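1. All I have is the shape, not the residue letters:
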């Protein structure tokens, strides 16, 4: 009888998911809408349930976050796919763990906003208009892809380099520029304050932001990676099942302006997946054309070796 009990206990232990034994992960984020599942995973103790001690380290700019990642001060980060390629090409040892946001019809994470003075102008009237954006970034990439979808040349607008998003928004709302490439919720805020939206990235069919982890987490059974993904999946499921429960957390951590808090949509975050080789090829080709990459980065250096 004793042998039977021991055998049953062994089977039960072997059937439990592997836990990461209190693995500490310092994870760099920005206060943006895409990061809500990470916030839920921390707030609801989902990472702890997987044996992970995840600390979300908030940065006010992508430059500060990327500098910390290069300096080895972080174990992972949230970022766009252009910034990710730039870091990996500079030998930052990380893999894309999963895609955190893909363009989704009805949920425009990025778009071209028009100033109050240009709010009534159609596309045909915007040729040569001043478009504020940050060059050599995801904004630049999206501007080119939006132009392609609109059927106009990449130089249809007169691009103006304005790196800081708050300044870009301020110049837009004071009519110093005609249009600006903005992320949500600033896109919605510009419309609320008298501007309009010319086009968005919601129908481009591509991954925009990703979560990355240091390559050490993908070795020796990858328990930390597997636990991280399991917690993230559960956070996505909880948001989908009870979106309004997490509205206060979204308002608190994702920098939603007060006038938008009550009505801003809670996004349908995708279940974890990886970008496809074709999608990565499109990004790399654009970066090489812009001189941001000297050569293509091998896929095995970029993507998780495990399917999330």
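-> It's in. The model shown is predicted, which means the values in this text are computed figures rather than measured ones.
2. what residue ranges in the chain are flagged as low confidence?
-> Residue ranges of the chain with pLDDT under 70: 1-21.
3. The spatially most central residue of it: what secondary structure?
-> Central residue of the chain (CA atoms, centre = their mean): residue 209, 2.8 Å from the mean position. Following DSSP: H, G, I helix; E, B strand; the rest coil, we place residue 209 in the strand state.
4. Would you mind measuring from it to residue 152?
-> 26 Å (CB to CB, to the nearest Å). C-beta coordinates here come from the backbone N, C-alpha and C atoms, glycine included.
5. same thing with residue 232?
-> Distance from residue 232 to residue 152, by CB to CB: 38 Å.
6. now residue 43
-> 43 Å.
7. For residue 190, which non-adjacent residue is closest in space?
-> residue 113 (4.2 Å; CB to CB, 6 or more residues apart in numbering).
8. residue boundaries of the strands in the stretch 1-150 of the chain?
-> 23-29, 52-58, 76-80, 94-102, 110-114, 130-133 (DSSP state E, counting those that start in this stretch).
9. before we move on, what about the stretch 201-308 of the chain?
-> 207-214.
10. Residue 75 and residue 213 touch, don't they?
-> Yes. If you go by CB atoms under 8 Å, residue 75 and residue 213 touch, sitting 6.8 Å apart.
11. List the residues that are in contact with both of those two.
-> Shared contacts of residue 75 and residue 213 (CB atoms under 8 Å, 6 or more residues apart in numbering): residue 25.
12. Show me which helix runs longest in this protein.
-> helix 223-241 (DSSP state H).
13. Does anything pack onto that one? Which helices or strands?
-> Under the contact criterion of 3 or more CB pairs under 8 Å, 6 or more residues apart in numbering; DSSP states H and E, helix 223-241 touches strand 23-29, helix 36-43, helix 46-49, strand 52-58, strand 94-102, strand 207-214.
14. One more pass at 10 Å, please.
-> The elements that helix 223-241 packs onto, with contact taken as 3 or more CB pairs under 10 Å, 6 or more residues apart in numbering; DSSP states H and E, are strand 23-29, helix 36-43, helix 46-49, strand 52-58, strand 76-80, strand 94-102, strand 207-214.
15. Each with direction, which strands does the fourth one pair with?
-> To tie it back to what came earlier, the one meant is strand 52-58. Taking DSSP bridges as the criterion, strand 52-58 sits next to strand 23-29 (parallel) in its sheet.
16. Show me the protein divided up by domain.
-> What the TED database lists as the domains of the chain is 23-103+207-301, 110-200.
17. how about CSV for those domains, with distance to residue 307 added?
-> Listed next are those as CSV, based on distance: least, CB to CB, whole Å:
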stretch, distance to residue 307
domain 23-103+207-301, 7
domain 110-200, 25
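18. Next, count neighbours for residue 93.
-> Neighbours of residue 93 under the rule other CB atoms under 10 Å: 11.
19. Let me fix that, I meant to ask about residue 229.
-> Using other CB under 10 Å, residue 229 is surrounded by 22 other residues.
20. quick one: it and residue 100 touch, right?
-> No. Applying CB atoms under 10 Å as the test, residue 229 and residue 100 come out as separate, 11.7 Å apart.
21. where do the contact lists of the two overlap?
-> Common contact partners of residue 229 and residue 100 (CB atoms under 10 Å, 6 or more residues apart in numbering): 211, 272.
22. circling back: same list, the strands of the stretch 1-150 of the chain, but as TSV with distance to residue 196 and mean neighbour count please.
-> Putting the strands of the stretch 1-150 of the chain into TSV (distance: least, CB to CB, whole Å; neighbours: other CB atoms under 10 Å) gives the following:
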stretch	distance to residue 196	mean neighbour count
strand 23-29	30	19
strand 52-58	31	17
strand 76-80	25	25
strand 94-102	24	23
strand 110-114	5	27
strand 130-133	14	24
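23. Residue 252: which of those is closest?
-> strand 52-58 (11.6 Å; CB to CB).
24. Outside of the closest one itself, list whatever touches it.
-> 19-31, 35, 38-39, 41-43, 46-48, 64-65, 68, 73-78, 217, 223-224, 227-228, 230-231, 253.
25. Write a PyMOL command that selects only the buried members of the residues you listed.
-> Of the contacts of strand 52-58, the buried ones can be selected in PyMOL as follows, counting by 16 or more other CB atoms under 10 Å:
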select buried, resi 19+20+23+25+26+27+28+29+30+35+38+39+41+42+46+47+65+68+74+75+76+77+78+217+223+224+227+228+230+231+253
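26. Burial check on residue 288, number of neighbours?
-> For residue 288, the neighbour count with other CB under 10 Å is 13.
27. which residues sit in contact with residue 25?
-> 47, 52-56, 74-76, 213-214, 217, 224, 227-228.
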